[in-house]
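Colleague: predicted model and sequence follow; I will ask about them next.
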Amino acid sequence: KLFEVIFFLNEQEAPYVKMTNAVCESYNKSWVVIHYCQLKAYSRNKTSLNINATFLEPANNIYLKMKMMKRANGYKPFLADYTIDACKFMRRRYQPFAKIVWNMIKDVSTVNHTCPYMGLQMISDFYKVQIPLPLPSGEYLLLLNWIFDGKPQFATNVYFTFIEDL
């Protein structure tokens, strides 16, 4: 009986996640220059995210405001709305939602060390989106606002479609 349950669980389809848009904006071009922020389509069902930015000044005091939105007659707040100390997080992975995002990008990013950050920062060919939480099917938006020394510097917003296991 246990074998049948395990077999049934293993036969389930994995959730389908597809990034549909990426929008990045620098609020202070004397500190952060975004060279590109784009999705590359490999096939109808697979896209990869590529972000390339240069920090012109050292960034030591970084906060990240993370907000997840779900589309329902416009985008509405859903599940997560956190502000974390990004430098502290890079020393000790203490925030669960941020840790989920970090685990997805750590192998394809140059942002894999502690503060300070300076020079070229990038995410290259990120396509492996694995969300370990049960989410209802729908269209989502992950808003990431980066705050250096108490001032918003840039935003990275990623839109995606999630289709749950059926």
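Modeller: Good, I have the coordinates.
Colleague: give me the contact list for stretch 57-65.
Modeller: 30-31, 82-87, 89, 98, 115-118, 143-150, 153 (Cβ atoms under 8 Å, 6 or more residues apart in numbering). Yep, even glycine has a C-beta here, placed from its N, CA and C like the rest.
Colleague: and if you look at stretch 80-96?
Modeller: With Cβ under 8 Å, 6+ apart, stretch 80-96 has contacts from 60-68, 97-99, 102, 113-115, 146-147.
Colleague: from the contacts of stretch 57-65, which land in strands?
Modeller: 82-85, 117-118, 143-148, 153 (DSSP state E).
Colleague: any quick ChimeraX command for the buried ones out of the residues you listed?
Modeller: Per 16 or more other Cβ atoms under 10 Å, the buried members of the ones in strands among the contacts of stretch 57-65 correspond to this ChimeraX selection:
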select :84,117,143,144,145,146,147,148,153
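Colleague: got a list of what the residue most central in space within the chain touches?
Modeller: The C-alpha lying nearest the average C-alpha coordinate of the chain belongs to residue 101 (Cα atoms, centre = their mean; 5.1 Å). Taking Cβ under 8 Å, 6+ apart, we find residue 101 in contact with 66, 142.
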